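J.: Predicted model, plus sequence, below.
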Amino acid sequence: MKLRRSFFARSVHDVAPELVGATLLVDGVGGKIVEVEAYDHEDPAAHSFHGPTARNASMFGPPGHAYVYFVYGMHWCMNVVTQAEGTASAVLLRGLEPVKNVVGRTQGPALLCRAMGIDGRLNGRDLVGDTFFLAAPSGEEELRIVRRPRIGVDYAGRHWARRLLRFYVHGNPFVSRL
DNA sequence: CTCCGGATTCGT
DNA sequence: CGAATCCGGAGT
């Protein structure tokens, strides 16, 4: 079942864990999301924390759209925008299990984007579409979800750095790190 | 306008 | 642990 707008128009804390197990399709390339991180609109680690800019504009846009950003001068990372338009929270995709036409490694936010052919062209694109969308988990398989602190956000301060905002499938080999 | 450093990855 | 390599955001 394709995920609808209403799925994304909720708190990022509800959406993030539910995205684990969902399948992402990008122009014929597909993979199952096995690791994500939640970025709350009040989180100092969120790119939206200091207000809207040209770079993070799509985070402030309507839910169910992609926020794709360029980092370290060489990598693309993709987020799924959640909550109401104007409330900039998003879910970073960090690990993906190849399902269809995926070439290369998918462990880590940047490798995932490279393997799926995701780059700046998809920034701001609607994820509730025909060739670009997310599908809910089958429901048949049992998913043991692990909650852990996020990767690389120590600068956000103890409180936010320690929060369990990283979610992944227990034991899945496509999770970026243990 | 300059400067710092990052939601990373890879090689040493 | 440092390099690669770009640009947003904060400070001067």
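T.: Looks like it came in fine.

J.: Quick check, pLDDT for residue A:53.
T.: As predicted, residue A:53 sits at a pLDDT of 88.

J.: Show residues contacting the least confident helix or strand in chain A by mean pLDDT.
T.: Taking mean pLDDT, DSSP states H and E as the measure, helix A:158-162 is the helix or strand of chain A with the lowest mean score, a mean of 88. The contact list for helix A:158-162 (CB atoms under 8 Å, 6 or more residues apart in numbering) reads A:43, A:44, A:45, A:149, A:150, A:153, A:154, A:155. For glycine as for every other residue, the C-beta is placed from the backbone atoms N, C-alpha and C.

J.: Among those, name the ones in strands.
T.: Judged by DSSP state E, the subset of the contacts of helix A:158-162 located in strands is empty.

J.: can you tell me which two in these are farthest apart?
T.: Within these, A:44 and A:149 form the most distant pair, 14.3 Å apart (CB to CB).

J.: mind checking pLDDT for the one residue in chain A that gets nearest to DNA strand B?
T.: The nearest approach of chain A to DNA strand B comes at residue A:108, 2.1 Å away (CB to the nearest atom of the strand). The model reports residue A:108 with a pLDDT of 95.

J.: excluding its backbone neighbours, what's nearest residue A:155?
T.: residue A:45 (7.3 Å; CB to CB, 6 or more residues apart in numbering).

J.: right, I mislabeled it, should have said residue A:46
T.: According to CB to CB, 6+ apart, the nearest residue to residue A:46 is residue A:39 (4.1 Å).

J.: Mind checking which of the contacts of helix A:158-162 are buried?
T.: Buried members of those, scored by 16 or more other CB atoms under 10 Å, are A:43, A:45, A:150, A:153.
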